[in-house]
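> Starting from these lines, generate the structure:
(2 chains)
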Amino acid sequence: MARSEGIVRVRFAPSPTGYPHLGNIRTALFNWLFARHHGGTFILRIEDTDVARLVEGATDTILDSLRWLGLDWDEGPYHQSERLEIYRGVADQLLKDELAYLCYCSLRRLESMRQEQTKKKQPPGYDRRCRHLTREQRAELEASGVTPVVRFKSPLEGQTSFCDLIRGEIVFDNSTLDDFVLLKSDGYPTYHLANIVDDHLMEISHVLRADEWLSSTPRHMLLYQALGWQPPNLAHLPMILGPDRAKLSKRHGAAAVDEYRDQGYLPEAMINFLALLGWSLDDKTELLSRQEIVNHFSLDRISKTAAVFNRDKLDWMNGLYLRGLKLEEFGKRASPFLERDLPLEIERPLDAGYIRQIMPLVQERAKTLAEVPQLTEFFFVDKPEYDAGLLTTKLERAEALEALRASVAKLEELQNWDAASLESVLRPLADELNLKTGEFFGLLRVATTGRTAAPPLFQTMEVLGRERCLERLRAALGKL
RNA sequence: GGCGCAUUCGUCUAGGGGUUUAGGACACCUCCCUCUCAAGGAGGAGAUCACCGGUUCGAAUCCGGUAUGCGCUACCA
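You can find the predicted model right below:
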């Protein structure tokens, strides 16, 4: 069945009509994995044949997303818009062989025909009027100046079947297929034509594409047949759905892949997560490196069922990868997010040495890099802003006042401002004040960070430094 | 409406005739650790394997039907 035994050539063929979402990129990933696993070739082809829906910058975003994830391609990107003569040539050949015909029907007629059919509960489809035009009728239409489209002559009876590598044997009755358009009146090919021509010319061995193409496959088979070409192997991938089980789209929050990058997800986590959406290694392995996935990837472990995208699990996995980073690497990756999201009044560029001190305190607390600025803001601002009420959530005002005063007194005399020394004076002080550590440290936490939840107190205070801590403790006193 | 595909815990999935009282993961709950939040550790709850028939000594696994979901049904891809 394979056209060239053993040689794997696959392609990712997005159309630049929008930004790539998880489903698109998962298709890219599976193609890439398949190529890398077999030592094959991964080709990138931009299917920009829909002039009306073309989105400015979409191609760049697609390329960026692939690069970000490390899905490197070996050939391309080819652009179908630069290959129009090729498709026209093939269409002409089909016309000459009488396997296709010119259709002069107006969009208006097609539209009203469809409405009529729907109203009568008939399957909508082209009624083949132009398939049976006489010579005179054709000449007349030609003279009227209408630009025709080229339609494929679908067989009226019989069946078309093919073997999908994931779903097995699939059969369609030809009677359910209409005479679809190959070449549009603007001179551009439709997906069906361009896709088949390019897959053949580029010697694609396996087509791994989304499930939504399954219904179009018999047309493609018929085209291959008409052209006398051998079709590639086919594998239709299960779709990725939103939480509401509908096709993934903008409505489901960040749908475009570059938004995940901007939200602080790591490409390696993304790869791991996406690989597991529709593919699995076994009954327990969840964490796989890119190389491990490449090594183990195979079509027969791809599921047939559409998968709902589960952001909680992505967050969990991203957190895992974040924690697995070397501290230095974590800081390197978090820095751009700090520069981007910390309040504007904080001086840029940020102090790299200071960041290095802070990072160990947040690495295990962040699920995404974008959370880092929020988690560490109090380290950078002059005075943390908070509601004075937070100081008295666990203590009476008088107790809080006493505790803060005592703390300031003790800390002013402290020689070494490090976590161990801080703990060695503050822990006994809790006893002296007759407070539980939770109450006392909680108070100091609010005073120094402005929050009730933050990294461990003594380490935080060490990083903040003596001056800043004492200043903040006095400020808290003032608030009471 | 027609055609196609799919259907295992809320979600991702394992399992593809007996080893299954259906395994793992996320989320959830409890406990431990603990100065808070995390992280980590230990447990728990959660699936009559969509339904109905059939094949078989035996079915989540095979077959048929039904239902439901999704996709396609464009001079979109």
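> State the helix or strand in which residue A:333 lies.
Following DSSP states H and E, one finds residue A:333 within helix A:327-341.
> and that helix, what does it pack onto?
Applying 3 or more CB pairs under 8 Å, 6 or more residues apart in numbering; DSSP states H and E, one finds that helix A:327-341 makes contact with helix A:352-362, helix A:371-380. For glycine as for every other residue, the C-beta is placed from the backbone atoms N, C-alpha and C.
> let's see 10 Å
When contacts are defined as 3 or more CB pairs under 10 Å, 6 or more residues apart in numbering; DSSP states H and E, helix A:327-341 sits against helix A:311-324, helix A:352-362, helix A:371-380.
> Let's have those helices in JSON lines, adding mean pLDDT, mean neighbour count and distance to RNA strand B.
Listed next are those as JSON lines, based on pLDDT from 0 to 100; neighbours: other CB atoms under 10 Å; distance: least, CB to the nearest atom of the strand, whole Å:
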{"stretch": "helix A:311-324", "mean pLDDT": "97", "mean neighbour count": "17", "distance to RNA strand B": "4"}
{"stretch": "helix A:352-362", "mean pLDDT": "97", "mean neighbour count": "16", "distance to RNA strand B": "9"}
{"stretch": "helix A:371-380", "mean pLDDT": "97", "mean neighbour count": "20", "distance to RNA strand B": "9"}
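> Adding distance to residue A:66, write the ones you listed out as a markdown table.
A markdown table is the format used below for those (distance: least, CB to CB, whole Å):
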| stretch | distance to residue A:66 |
| --- | --- |
| helix A:311-324 | 19 |
| helix A:352-362 | 29 |
| helix A:371-380 | 26 |
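> Of the ones you listed, which is nearest residue A:23?
Residue A:23 lies closest to helix A:311-324 among those, at 14.2 Å (CB to CB).
> How about residues contacting the helix holding residue A:333?
Residues from elsewhere that reach helix A:327-341 (CB atoms under 10 Å, 6 or more residues apart in numbering): A:262-264, A:266, A:322-326, A:346, A:348-350, A:352, A:355-360, A:362-364, A:366, A:368-377, A:379-380.
> swap in stretch A:390-407?
A:387-388, A:425-426, A:429-430, A:432-436, A:438-448, A:450-452, A:469-470, A:473-474, A:476-480.
> try 6 Å
Residues from elsewhere that reach stretch A:390-407 (CB atoms under 6 Å, 6 or more residues apart in numbering): A:433, A:439, A:440, A:442, A:443, A:446, A:473, A:476, A:477, A:480.
> Which neighbouring elements make contact with whatever helix or strand the fourth one lives in?
If I follow you right, that is residue A:442. Here residue A:442 is covered by helix A:437-449, with elements defined by DSSP H and E. With contacts taken as 3 or more CB pairs under 6 Å, 6 or more residues apart in numbering; DSSP states H and E, helix A:437-449 sits against helix A:397-413, helix A:466-479.
> Following element in sequence after that helix, please.
Helix A:437-449 is succeeded, C-terminally, by helix A:457-464 (DSSP H and E).
> Output the contacting helices and strands for that following helix.
helix A:352-362, helix A:419-432.
> buried sites along it?
A:457, A:458, A:459, A:460, A:461, A:462, A:463, A:464 (16 or more other CB atoms under 10 Å).
> Now do it: distance to the chain's middle.
38 Å (CA atoms, centre = their mean, to the nearest Å).
> Equivalent analysis for stretch A:235-254, please.
So, by CA atoms, centre = their mean, the centroid of stretch A:235-254 is 11 Å from its chain's centroid.
> Show me the contact partners of it.
Here stretch A:235-254 has contacts from A:21-23, A:26-27, A:164-166, A:208, A:210-211, A:214, A:255, A:260, A:277-278, A:299, A:303, A:305-309, using CB under 6 Å, 6+ apart.
> Give me the subset of these that lies in helices.
Counting by DSSP state H, the contacts of stretch A:235-254 place A:22, A:23, A:26, A:27, A:260 in helices.
> Quick check: the farthest pair among these?
A:27 and A:260 (16.0 Å).
> buried subset of the contacts of stretch A:390-407?
A:433, A:439, A:440, A:442, A:443, A:446, A:473, A:476, A:477.
> Keep only these that also lie close to RNA strand B.
residue A:442 (CB under 7 Å from any atom of the strand).
> I'd like the buried ones among the contacts of stretch A:390-407 laid out as TSV, including pLDDT and distance to residue A:272.
Below are those laid out as TSV (pLDDT from 0 to 100; distance: CB to CB, whole Å):
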residue	pLDDT	distance to residue A:272
A:433	94	49
A:439	95	42
A:440	97	43
A:442	96	38
A:443	97	42
A:446	97	38
A:473	97	44
A:476	96	44
A:477	94	49
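> Centroid-wise, who is the farthest residue in chain A?
residue A:432 (55.6 Å; CA atoms, centre = their mean).
> Centre of the chain to the helix holding residue A:333, how far?
Using CA atoms, centre = their mean, the offset of helix A:327-341 from its chain centre is 21 Å.
> and the angle from that helix to helix A:311-324?
Angle, helix A:327-341 to helix A:311-324, by axes from the mean of the first three to the mean of the last three CA atoms, to 10 degrees: 120 degrees.
> Pull helix A:327-341 out as PDB, backbone CA atoms only.
Output in PDB follows, covering the C-alpha atoms of helix A:327-341 (Å, rounded to 0.1, in the frame of the first residue of the first chain):
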ATOM      1  CA  LEU A 327      17.200  26.800  39.400                       C
ATOM      2  CA  GLU A 328      19.300  28.800  37.000                       C
ATOM      3  CA  GLU A 329      17.300  27.800  34.100                       C
ATOM      4  CA  PHE A 330      14.100  28.500  35.900                       C
ATOM      5  CA  GLY A 331      15.300  32.000  36.600                       C
ATOM      6  CA  LYS A 332      16.300  32.500  33.000                       C
ATOM      7  CA  ARG A 333      12.900  31.500  31.800                       C
ATOM      8  CA  ALA A 334      11.000  33.500  34.400                       C
ATOM      9  CA  SER A 335      12.900  36.700  33.900                       C
ATOM     10  CA  PRO A 336      11.100  37.800  30.700                       C
ATOM     11  CA  PHE A 337       7.800  37.400  32.500                       C
ATOM     12  CA  LEU A 338       9.000  39.500  35.400                       C
ATOM     13  CA  GLU A 339      10.200  42.200  33.100                       C
ATOM     14  CA  ARG A 340       6.900  42.100  31.300                       C
ATOM     15  CA  ASP A 341       4.400  41.800  34.100                       C
END
